[in-house]
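Participant: Model the structure of this input:
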Amino acid sequence: MIYSLKGTLLEKSTDLAVIECGGVGYSFSCSNNTLSMLPAAGAKAFVYTVLSVKENGVDLYGFSTQKERDAFRLLCSISGVGPKL
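Facilitator: A predicted model of the protein is given here:
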């Protein structure tokens, strides 16, 4: 599991962002709330993460707070509710 990312924000768009950590750029999906909390590209950034591994791929989700991450995990534990929803 990737617990968090701390590094330089390379990019952010409508539903994802990229943080470079140790020379590797990690792309992650995130909510509008988290996007609004991120600084401008080139600045230092930190997010909590959830790594989702499924048959069809691996997805990383980023959150500005632990509470937002915990709410995401709780919602995903409900039958029929997945990370993309």
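Participant: Next up, the contacts around the residue nearest to the spatial centre of the chain.
Facilitator: By CA atoms, centre = their mean, the chain has its centre lying nearest to residue 62, at 1.5 Å. Residue 62 sits next to 5, 17, 19, 28, 29, 30, 34, 47, 48, 49 when contact means CB atoms under 8 Å, 6 or more residues apart in numbering. Any C-beta I mention is one placed from the backbone N, CA and C, and that applies to glycine too.
Participant: From the contact counts, what lies against the lowest-mean-pLDDT helix or strand in the chain?
Facilitator: Ranking every helix and strand in the chain by mean pLDDT, DSSP states H and E puts helix 66-76 at the bottom, with a mean of 89. Packing contacts for helix 66-76, counted by 3 or more CB pairs under 8 Å, 6 or more residues apart in numbering; DSSP states H and E, involve strand 44-54, strand 57-63.
Participant: Next one, pLDDT for residue 77 please.
Facilitator: We note a pLDDT of 81 for residue 77 in this prediction.
Participant: before we move on, back to that, any chance of the helices and strands packed on helix 66-76 in CSV with mean pLDDT and distance to residue 23 as columns?
Facilitator: CSV is the format used below for the helices and strands packed on helix 66-76 (pLDDT from 0 to 100; distance: least, CB to CB, whole Å):
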stretch, mean pLDDT, distance to residue 23
strand 44-54, 93, 15
strand 57-63, 93, 17
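Participant: can you redo these as a markdown table with distance to residue 1?
Facilitator: Supplementary listing: the helices and strands packed on helix 66-76 in a markdown table, determined by distance: least, CB to CB, whole Å:
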| stretch | distance to residue 1 |
| --- | --- |
| strand 44-54 | 5 |
| strand 57-63 | 10 |
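Participant: Would you mind naming the residues that bridge with the residue nearest to the centre of the chain?
Facilitator: residue 30, residue 49 (DSSP bridges).
Participant: Then residue 8?
Facilitator: residue 20, residue 44.
Participant: What distance do you get for it to residue 61?
Facilitator: 20 Å (CB to CB, to the nearest Å).
Participant: neighbour-wise, which of those two wins?
Facilitator: residue 61 (23 against 15; other CB atoms under 10 Å).
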